[in-house]
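Student: Could you look at this predicted model? Sequence included:
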Amino acid sequence: MPSRAPSPVAAPEPNAFVRLVAHPVRWRLLEALAHSDRAVWELTQLLDEPQNLVSYHLRQLRDGGLVSARRSTADARDSYYAVDLARCEEQFRATGRALHPGLRFARVPPEPVSRTKKPPRVLFLCTGNSARSQIAEALLVDMSQGAVDAVSAGSNPKPLHPNAVRVMKQRGVDISTYRTKHLDTFVGQRFDAVITLCDRVREVCPEFPRQPMTAHWSIPDPALEASTNRASFPAFVRTADELATRIGYLLYRLNEVPNRRLQHGH
């Protein structure tokens, strides 16, 4: 009697991450949030879907650890949603390994921004230009090795916060000579990207020529987390860490300048 063919191995249950992101509405939400933090009403308009459906899928993404929400400092009735790109990257890699040990997706560092062409210009904005935007400016210049022209400003400039200087010093970057500037200084100038870091300044951000990429990163003011500079310093460390992560992904987009305009995120 001939031997019977071996029974096929039962297919494993699909990876939870794949099931989570494969839904078309959730994928579109991730695409939108990969460009900018957004409120529910913005996502509803972008996706042209009812708010209850958008809120449901946002909750699924939050439960899966891919999206987080922060209450708006401009309007407490709103929350800004943000995608955790580092978490997404980690899950994509884990999914590949789960399918086959040979699928070990490695992150490819962004190519250095060309120094032979006009460097991309990026403007970071917050209210006081005393901490978040100054840290972001310094990080982008440092992480791009000076190949990106980064500047910062505020809608109501205040003196540079000593903890901003201190946290960047720990990263080997001296910003003690940086000065704060009003956003009016840059109105009318050309930028490839304008990124708001404060919910309030987003409401008053002016239009800039040539339609730069615009994005909003809803990052709380670390100076407000404690009443003394010493007590608030851990918040500055967390802020610098978050900005460094976001800027690491921004560099991939800046590699497209000036070969083609960055039009996403409007």
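Tutor: Received, thanks. Numbering: from 1, shown residues only.

Student: Quick check: can you list the domain ranges of this protein?
Tutor: For the chain, automatic domain parsing gives the domain ranges 16-99, 121-254.

Student: could the ones you listed be laid out in TSV, adding mean pLDDT and distance to residue 107?
Tutor: (C-beta placed from N, C-alpha, C; glycine too.) Converted to TSV, the domains of the chain look like this (pLDDT from 0 to 100; distance: least, Cβ to Cβ, whole Å):
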stretch	mean pLDDT	distance to residue 107
domain 16-99	94	7
domain 121-254	95	10
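
Student: Check the burial of the residue lying closest to residue 158 once chain neighbours are set aside by counting its neighbours.
Tutor: What sits nearest to residue 158 in space, not counting adjacent residues and going by Cβ to Cβ, 6 or more residues apart in numbering, is residue 128, at 3.9 Å. Using other Cβ atoms under 10 Å, the number of residues around residue 128 comes to 21.

Student: what do you get for residue 22?
Tutor: Count around residue 22 with other Cβ under 10 Å applied: 11.

Student: Now do the contacts for it.
Tutor: When contacts are counted by Cβ atoms under 8 Å, 6 or more residues apart in numbering, residue 22 touches no other residue.

Student: can I assume the residue nearest to residue 158 is in contact with residue 183?
Tutor: No. Using Cβ atoms under 8 Å, residue 128 is not in contact with residue 183, being 11.3 Å away.

Student: which neighbours do those two share?
Tutor: With Cβ under 8 Å, 6+ apart as the test, residue 128 and residue 183 both reach residue 154.

Student: What number of neighbouring residues does residue 207 come out with?
Tutor: Quick note: residue 207 (other Cβ under 10 Å) scores 10 neighbours.

Student: actually residue 174, sorry about that
Tutor: 10.

Student: Now residue 166: closest residue in space, sequence neighbours ignored.
Tutor: Using Cβ to Cβ, 6+ apart and skipping residues adjacent in sequence, the residue nearest residue 166 is residue 233, 6.8 Å away.

Student: so which strand or helix has the one you found?
Tutor: helix 229-254 (DSSP states H and E).

Student: chain center to that helix, what's the gap?
Tutor: 10 Å (Cα atoms, centre = their mean, to the nearest Å).

Student: in that helix, what counts as buried?
Tutor: 232-233, 235-236, 239-240, 242-244, 246-248, 250-251, 253-254 (16 or more other Cβ atoms under 10 Å).

Student: which one of these is nearest residue 103?
Tutor: residue 248 (23.2 Å; Cβ to Cβ).

Student: And for the closest residue to the closest one other than its chain neighbours, the neighbour number?
Tutor: Distance criterion Cβ to Cβ, 6+ apart; nearest residue to residue 248, sequence neighbours excluded, is residue 143 at 6.8 Å. Using other Cβ under 10 Å, residue 143 has 20 other residues around it.

Student: Please tell me how far the nearest residue to residue 206 once chain neighbours are set aside sits from residue 207.
Tutor: Closest residue to residue 206 apart from its sequence neighbours, by Cβ to Cβ, 6+ apart: residue 187 at 5.3 Å. Counting by Cβ to Cβ, to the nearest Å, the gap from residue 187 to residue 207 is 9 Å.

Student: what is in contact with these two at once?
Tutor: Counting by Cβ under 8 Å, 6+ apart, nothing touches both residue 187 and residue 207.

Student: Strands along the stretch 1-150 of the chain, start to end?
Tutor: 38-39, 67-71, 79-83, 121-126, 149-154 (DSSP state E, counting those that start in this stretch).
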